[in-house]
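S.K.: Sharing a model that was predicted from the sequence below.
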Amino acid sequence: VFSDYYATGKLDVDLAEKVIKGILDGCEQSGCNLIGGETAEMPGFYAEGEYDLGGFAMGVVDKDKLINGKNIVEGDILIGLPSNGVHSNGFSLVRRVLDKSGLSLTDQFPGNDGKTTTVGETLMTPTIIYVKQVSLYR
């Protein structure tokens, strides 16, 4: 299951609807149900048009199916999946790199497909949801 938290200074219903639709799309991709969430208006805390978004996922696994490293043996196969960009915890480093490098979000950035985009557009690329690639049950 997944639950979200959306906070803003003044609720823009159209923007919030787009954000929630994105969350629903992610839940659908991962076979997860959006069970609820919270929307908070916090006047004076956020600049106009800004919002903060958070969420958490919770799941259940049978204890004997947990992957914890204790059952890894010689001959097991390790599969690596390519990342499509920076993921959640990487943004602290990105902010530091942008600050130290002098790059701006509007600077051009080469894409993996040979096309150029801006640094900002590259950073806003949605994260791939890897559930289908790693699920043992699909």
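M.R.: Here it is on my side, so go on.

S.K.: so where's this structure shaky on pLDDT?
M.R.: For the chain, the stretches flagged by pLDDT under 70 are 112, 136-138.

S.K.: can you give me the end-to-end distance of stretch 108-120?
M.R.: Terminal residues of stretch 108-120 lie 9 Å apart, using Cα to Cα, to the nearest Å.

S.K.: Okay, buried residues for the longest helix along the chain please.
M.R.: When the chain is parsed with DSSP state H, its longest helix is helix 13-30. Neighbour-count burial for helix 13-30 flags 19-20, 23, 26-27, 30 (criterion: 16 or more other Cβ atoms under 10 Å). No exception for glycine: its C-beta is placed from N, CA and C like everyone else's.

S.K.: In CSV, list those along with distance to Phe45.
M.R.: Formatted as CSV, the buried residues of helix 13-30 follow (distance: Cβ to Cβ, whole Å):
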residue, distance to Phe45
Val19, 18
Ile20, 20
Ile23, 22
Gly26, 26
Cys27, 27
Ser30, 31
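
S.K.: Just the closest of those residues to Thr106, please.
M.R.: Lowest distance from Thr106 to the buried residues of helix 13-30 (Cβ to Cβ) belongs to Val19, with 22.7 Å.

S.K.: So which residue is dead centre in this structure?
M.R.: By Cα atoms, centre = their mean, the chain has its centre lying nearest to Thr127, at 5.1 Å.

S.K.: coming back round to it: quick check: the two most widely separated of the buried residues of helix 13-30?
M.R.: Farthest-apart pair in the buried residues of helix 13-30 is Val19 and Ser30; separation 17.0 Å (Cβ to Cβ).
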